[in-house]
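Chemist: Fold the following, please.
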Amino acid sequence: MISKKILFLLVSILIALGIFIAFMRHEQTGVPFVSSENKDVWMVEARVDFQAQENRPITVSLSLPSDTTGYKIYFEQSVSAGYGFNVSDKDGLKRGTWSVRQAKGKQTLYYKAQVVQDTAGETLLAQDEPKLEAKDEILWSESESIAAKEILAEAYAKSSDDISFTRELIKILSEIHTNQEGSLLLAKRKYIDVLNKLLDDAGVIHRMSLALELQDARRNQSLTPVIEVLDRNEWVLFDPKNALQEKSKNFFLWTRGGKSLIDIVGGTNARVSFSMIKQNMPALELAQAHFEEGGFGFFSIHRLPIEEQSLFKMLLLLPIGALITVFMRLLIGIKTSGTFMPVLIAMAFLQTSLFLGMVNFVVLVGIGLILRSFLSSLNLLLVARIATIIVIVIFIVAFMTLIGYELGFNTGMSVAFFPIIILAWTIERMSILWEEEGPKEVMIQGSGSLLVASFAYMAMVNDYVAHLVFNFPELHLIVIAFIILMGRYTGYRLLELYRFREFKGI
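Modeler: Below you'll find the model as predicted:
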């Protein structure tokens with residue numbers, strides 16, 4: 001057995017090494033220890049997937065973003081092995097072109113941009129914008145023309161200028177669009193096309209564009225149609241679904257004025273998806289970390305594709321949850337259902353929010369216990385019983401997701417993030433515990449799991465903690481050191497001291 005001296009030496013080395021590497025990374029890359037000192041920097045990645053046609057040259061042209069109101073592009077690059085890449089800017093339209101003489105099978109191209117939110121930046125004026133493509137004219141029938149005039153008249157009466165007119169028009173059209181009976185104008189046409197035509201009829205100078213809604217750690221996202229209205233030589237952006245203006249959502253304009261997103265020659269089935277991740281880092285020094293080829297710039301999570309970065313941003317929070325769980329179990333003495341079930345529950349809470357996550361967990365386990373008691377009467381073998389519970393849990397999750405959607409609880413739809421297999425085992429273990437120890441022990445371990453998961457969630461959701469563990473993963477060496485220290489503790493736990501408090505006088 002390792003002596004205490006060697007143990008404390010090992011712990012000291014881990015703590016010192018973690019602090020030293022973090023400090024060296026800070027010095028070399030400029031990544032700060034306090035995220036509040038920096039601007040919000042978004043790393044946005046566009047992924048182009050397509051099927052190459054054999055023995056044909058391939059040219060892929062993708063519309064690329066430019067500096068726009070509220071956002072500035074500091075850095076951009078293409079990661080596509082074997083392809084030539086060129087960025088052109090013609091008539092204000094920026095496009096990236098990949099080319100290769102010959103390719104075979106499924107192809108994947110990447111475009112990565114570093115976008116910095118800059119509210120103090122210059123406002124893009126109308127004369128600075130690209131030439132717009134001609135719009136496809138929609139012709140109303142006689143009955144449609146009457147309905148369109150009624151909608152325009154109602155919006156006109158409730159507005160005072162083009163901006164308020166557009167806002168009221170979107171509200172009216174959205175209400176008609178959500179009506180179960182539908183609308184004459186929307187019966188055979190897309191909502192966005194009808195809105196475009198109505199604005200044309202009203203003489204409002206506008207354009208239809210595509211924007212990326214910036215949300216942290218998102219993958220496989222698509223562009224959102226938005227509408228821009230000219231007001232006093234400036235473009236004002238609207239969400240066409242709910243009439244919210246640009247300040248209500250983080251909309252980053254990707255392509256403007258109806259220009260095609262992607263054109264491809266020599267390939268088929270082209271698909272463009274977007275991933276993004278939010279970082280709190282100095283805008284000027286962040287570029288240095290990307291261009292650094294050696295040292296800590298090379299061993300950096302920021303060099304990975306955005307999809308992998310988003311995944312690691314969640315995974316690197318797991319050790320924090322494990323540390324909280326070890327502390328609560330070994331030093332406080334709280335009983336939980338399963339050793340690290342609280343960590344998995346806390347990870348689910350990150351997607352659902354704490355309150356809705358706790359409600360989902362209690363409902364899932366409660367219904368599962370009721371159904372498990374019925375299964376016990378069938379005398380099934382363990383494997384068949386667990387498999388049945390897994391299927392039942394999936395059905396419960398689907399049902400709760402639909403209910404949450406109908407009630408308007410969007411975060412409730414994230415109940416699917418709960419670990420299905422672990423939940424099934426938890427239901428099985430709690431059912432056996434109910435039969436052997438009674439409902440009191442089930443309540444103690446169930447409530448203990450939720451309590452530990454809540455503390456782990458509060459630590460993992462903290463912005464400062466998330467910033468440190470993602471940008472300085474070597475700090476997990478300190479986490480390991482503390483876990484080792486607590487793992488050697490053999491004294492009384494806090495709850496045991498309270499339990500045996502009467503023996504103090506003996």
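Chemist: CA only for contacts and neighbour counts going forward, please
Modeler: Noted.
Chemist: Please state the backbone phi and psi of residue 53?
Modeler: Dihedral pair for residue 53: phi -90, psi 130, per degrees, to the nearest 10.
Chemist: Show me the helices in the stretch 201-350 of the chain, by range?
Modeler: Remark: helices assigned in the stretch 201-350 of the chain by DSSP state H, counting those that start in this stretch are 283-291, 306-315, 318-326, 341-352.
Chemist: Tell me the helices and strands packed up against the last one.
Modeler: The contact analysis (3 or more CA pairs under 8 Å, 6 or more residues apart in numbering; DSSP states H and E) places helix 341-352 against helix 318-326, helix 354-376, helix 439-460.
Chemist: 7 Å instead?
Modeler: Judged by 3 or more CA pairs under 7 Å, 6 or more residues apart in numbering; DSSP states H and E, the packing partners of helix 341-352 are helix 318-326, helix 439-460.
Chemist: and residue 19, how many neighbours?
Modeler: By other CA atoms under 10 Å, 18 other residues sit near residue 19.
Chemist: Now do the same contact list for it.
Modeler: Residues near residue 19 by CA atoms under 7 Å, 6 or more residues apart in numbering: residue 475.
Chemist: And it, how far from residue 449?
Modeler: 32 Å (CA to CA, to the nearest Å).
Chemist: you'd agree residue 494 is up against residue 334?
Modeler: No. The criterion here is CA atoms under 7 Å, and residue 494 misses it with residue 334 at 9.1 Å.
Chemist: Check for me that residue 185 belongs to a strand.
Modeler: No. Counting by DSSP: H, G, I helix; E, B strand; the rest coil, residue 185 is not part of a strand but coil.
Chemist: Skip the chain neighbours and tell me the closest residue to it.
Modeler: residue 144 (6.0 Å; CA to CA, 6 or more residues apart in numbering).
Chemist: per-residue pLDDT, the one you found?
Modeler: Confidence at residue 144, expressed as pLDDT, is 75.
Chemist: What strand or helix carries it?
Modeler: Using DSSP states H and E, residue 144 maps to helix 142-157.
Chemist: which regions of the stretch 1-150 of the chain sit below the pLDDT cut-off?
Modeler: For the stretch 1-150 of the chain, applying pLDDT under 70 flags the ranges 1, 29-30, 35-39, 69, 91-92, 118-138.
Chemist: coming back round to it: any idea how far residue 434 is from the residue nearest to residue 185?
Modeler: Noted for residue 144: a distance of 66 Å to residue 434, by CA to CA.
Chemist: OK, contacts around the residue most central in space within the chain?
Modeler: By CA atoms, centre = their mean, the chain has its centre lying nearest to residue 218, at 3.2 Å. The neighbours of residue 218, taking CA under 7 Å, 6+ apart as the test, are 275, 276, 277, 310.
Chemist: Quickly list what the first one is bridged to.
Modeler: Read that as residue 275. Beta bridges link residue 275 to residue 45 when assigned by DSSP bridges.
Chemist: Can you give me every residue that contacts it?
Modeler: Contacts of residue 275 by CA under 7 Å, 6+ apart are 44, 45, 46, 218, 219, 220, 221, 306, 307.
Chemist: Just give the number of residues close to residue 459.
Modeler: The burial count for residue 459: 18, using other CA under 10 Å.
Chemist: Next: residue 2.
Modeler: Residue 2: 6 surrounding residues under other CA under 10 Å.
Chemist: That one: what secondary structure?
Modeler: Residue 2 - assigned by three-state DSSP - is coil.
Chemist: before we move on, back to that, if you rank the contacts of residue 218 by neighbours, which is first?
Modeler: Among the contacts of residue 218, the one with the most neighbours (other CA under 10 Å) is residue 276, at 28 neighbours.
Chemist: Without its sequence neighbours, what residue ends up closest to that one?
Modeler: Nearest to residue 276 is residue 44, by CA to CA, 6+ apart, at 4.5 Å.
Chemist: is it true that the one you found touches residue 112?
Modeler: Yes. Contact status for residue 44 versus residue 112: in contact at 5.7 Å, counting by CA under 7 Å.
Chemist: between these two, who's got more neighbours?
Modeler: Using other CA under 10 Å as the criterion, residue 44 and residue 112 rank with residue 44 on top: 23 against 20.
Chemist: dump the residue contacts of the more buried one.
Modeler: Residue 44 touches 112, 113, 114, 275, 276, 277, counting by CA under 7 Å, 6+ apart.
Chemist: shouldn't the last one be in contact with residue 42?
Modeler: Yes. When contacts are counted by CA under 7 Å, residue 277 is listed as touching residue 42 (5.8 Å).
Chemist: Return the helix or strand in the chain with minimum mean pLDDT.
Modeler: Every helix and strand of the chain was ranked by mean pLDDT, DSSP states H and E. The lowest is helix 283-291, at a mean of 51.
Chemist: Would you format the helices and strands packed on helix 341-352 as CSV with distance to residue 340 included?
Modeler: Output for the helices and strands packed on helix 341-352, formatted as CSV (distance: least, CA to CA, whole Å):
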stretch, distance to residue 340
helix 318-326, 7
helix 439-460, 9
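Chemist: Let's verify residue 391: helix, strand, or coil?
Modeler: Here residue 391 is helix, with the state taken from three-state DSSP.
Chemist: any idea how far residue 384 is from it?
Modeler: With CA to CA as the criterion, residue 391 and residue 384 are 11 Å apart.
Chemist: who has more neighbours, these two?
Modeler: Using other CA under 10 Å, the more surrounded residue of residue 391 and residue 384 is residue 391, with 14 against 10.
Chemist: Look at residue 141 and say how many residues are nearby.
Modeler: Neighbours around residue 141, by other CA under 10 Å: 10.
Chemist: Could you do residue 278 as well?
Modeler: The burial count for residue 278: 18, using other CA under 10 Å.
Chemist: so residue 485 is in which element?
Modeler: helix 476-487.
Chemist: can you map out the strands along the stretch 201-350 of the chain?
Modeler: Assigned by DSSP state E, counting those that start in this stretch, the strands in the stretch 201-350 of the chain fall at 206-213, 218-221, 224-231, 234-238, 251-255, 262-265, 267-281.
Chemist: Please identify the deepest-packed of these.
Modeler: Looking across these with neighbours counted as mean count of other CA atoms under 10 Å, the highest average goes to strand 251-255: a mean of 23.
Chemist: relative to strand 224-231, how tilted is it?
Modeler: Put simply, strand 251-255 runs at 90 degrees to strand 224-231, going by axes from the mean of the first three to the mean of the last three CA atoms, to 10 degrees.
Chemist: Strand partners (parallel or antiparallel) of strand 251-255?
Modeler: strand 206-213 (antiparallel).
Chemist: Would you mind pulling the contact partners of the strand it pairs with?
Modeler: With CA under 7 Å, 6+ apart, strand 206-213 has contacts from 223-230, 250-258.
Chemist: re earlier: how about the strands of the stretch 201-350 of the chain in a markdown table, adding distance to residue 380 and mean pLDDT?
Modeler: Formatted as a markdown table, the strands of the stretch 201-350 of the chain follow (distance: least, CA to CA, whole Å; pLDDT from 0 to 100):
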| stretch | distance to residue 380 | mean pLDDT |
| --- | --- | --- |
| strand 206-213 | 49 | 83 |
| strand 218-221 | 41 | 83 |
| strand 224-231 | 50 | 82 |
| strand 234-238 | 58 | 79 |
| strand 251-255 | 54 | 82 |
| strand 262-265 | 56 | 88 |
| strand 267-281 | 45 | 84 |
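Chemist: Among these, which comes closest to residue 481?
Modeler: The closest of the strands of the stretch 201-350 of the chain to residue 481 is strand 267-281. By CA to CA, the value is 27.2 Å.
Chemist: Sounds good, over and out.
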